[in-house]
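Student: sequence and predicted structure are below.
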Amino acid sequence: MTTAGAMLMILTGLVIMSFGLFLFYAWLPLLYALVGFDIGLLLGRSLTGDVGATAIVLGIAGAVVLGGASYFLEPYRRILLGVSGGVLVGLSMAAAFDLDTMLGAVLARMLVLICGILGGILVPRFFNAFVIGASAFSGAVMAIAGAHHLFPNVALFDLQTGGPLPAGLAVVLTLAAVIWQAKNIDAWVGMLPIGGDRAPHA
């Protein structure tokens, strides 16, 4: 993996983890683009075993596709975010628990499909909670995976073979991000042009 690829994983992971809900209301295309980019990176990692040029190209393609979809499919943006966010969570779980190598690629793909379907169904009902939880978890896993590629000998960042410590770190980062986003909803709302689909507690 290139250093640039690892840094991109860390950066986009931290941004999604910390500001997922805010990005939806403030800069929706950017959130979709980040989700699409991370989906492309994780798909490239799954297909090639690395986050090199192929994964970065897939990431850029995912960013363009989902970013554009946020304009062209505006009436269905919450369902689209639910499906894409669910897919990202499924890919993150597959990466976090090494499902590709432990249980086979078929199980990992089934997990991604199920998460995508559930996301599309559940998002309209529990929108804010879904966005916060999905962005916190997937962003945390992305950041840890990127840190592992930068520091391959540090067991704390090795989700596959590092034992309980990396999983514990992912849980801690996820909980911290959930608390951070939930705590700042009201402050963020004060900076936003609220109306229609941007209702803060919809």
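Tutor: Nice, thanks for sending it over.

Student: in this protein, spot the helix with the most residues.
Tutor: helix 164-189 (DSSP state H).

Student: need the contact list for Gln181.
Tutor: Shown in contact with Gln181 (Cβ atoms under 8 Å, 6 or more residues apart in numbering): Ser18, Phe19, Gly20, Leu21, Phe22, Ile132, Ser135, Ala136. Bear in mind the C-beta positions are built from the backbone N, C-alpha and C, glycine included.

Student: now for those: which two are most distant?
Tutor: Farthest-apart pair in the contacts of Gln181 is Phe22 and Ala136; separation 12.4 Å (Cβ to Cβ).

Student: who's more crowded, these two?
Tutor: Remark: of Phe22 and Ala136, Ala136 carries more neighbours, 25 against 20, as counted by other Cβ atoms under 10 Å.

Student: could you report the neighbour count for the residue lying closest to Ala136 once chain neighbours are set aside?
Tutor: Counting by Cβ to Cβ, 6 or more residues apart in numbering, Ala136 lies nearest to Ala177, which is 3.6 Å off, once chain neighbours are set aside. As a burial measure, Ala177 scores 24 neighbours (other Cβ under 10 Å).

Student: how close does Ala177 get to Leu113?
Tutor: In this structure, Ala177 and Leu113 are 25 Å apart, going by Cβ to Cβ, to the nearest Å.

Student: quickly find the element holding Met17.
Tutor: helix 3-26 (DSSP states H and E).

Student: what packs against the next helix or strand after that helix?
Tutor: From helix 3-26 onward toward the C-terminus, using DSSP H and E, the following helix or strand is helix 28-48. When contacts are defined as 3 or more Cβ pairs under 8 Å, 6 or more residues apart in numbering; DSSP states H and E, helix 28-48 sits against helix 3-26, helix 53-72, helix 77-96, helix 127-150.

Student: for those helices, give me JSON lines that also has mean pLDDT and distance to Ala33.
Tutor: As requested, the helices and strands packed on helix 28-48 are exported to JSON lines (pLDDT from 0 to 100; distance: least, Cβ to Cβ, whole Å):
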{"stretch": "helix 3-26", "mean pLDDT": "84", "distance to Ala33": "9"}
{"stretch": "helix 53-72", "mean pLDDT": "82", "distance to Ala33": "4"}
{"stretch": "helix 77-96", "mean pLDDT": "78", "distance to Ala33": "11"}
{"stretch": "helix 127-150", "mean pLDDT": "86", "distance to Ala33": "14"}
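
Student: dump the ones you listed to a markdown table, plus distance to Trp188.
Tutor: Converted to a markdown table, the helices and strands packed on helix 28-48 look like this (distance: least, Cβ to Cβ, whole Å):
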| stretch | distance to Trp188 |
| --- | --- |
| helix 3-26 | 5 |
| helix 53-72 | 19 |
| helix 77-96 | 17 |
| helix 127-150 | 11 |
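
Student: how about those, which one is nearest Phe157?
Tutor: Nearest of the helices and strands packed on helix 28-48 (Cβ to Cβ): helix 127-150, 3.8 Å.
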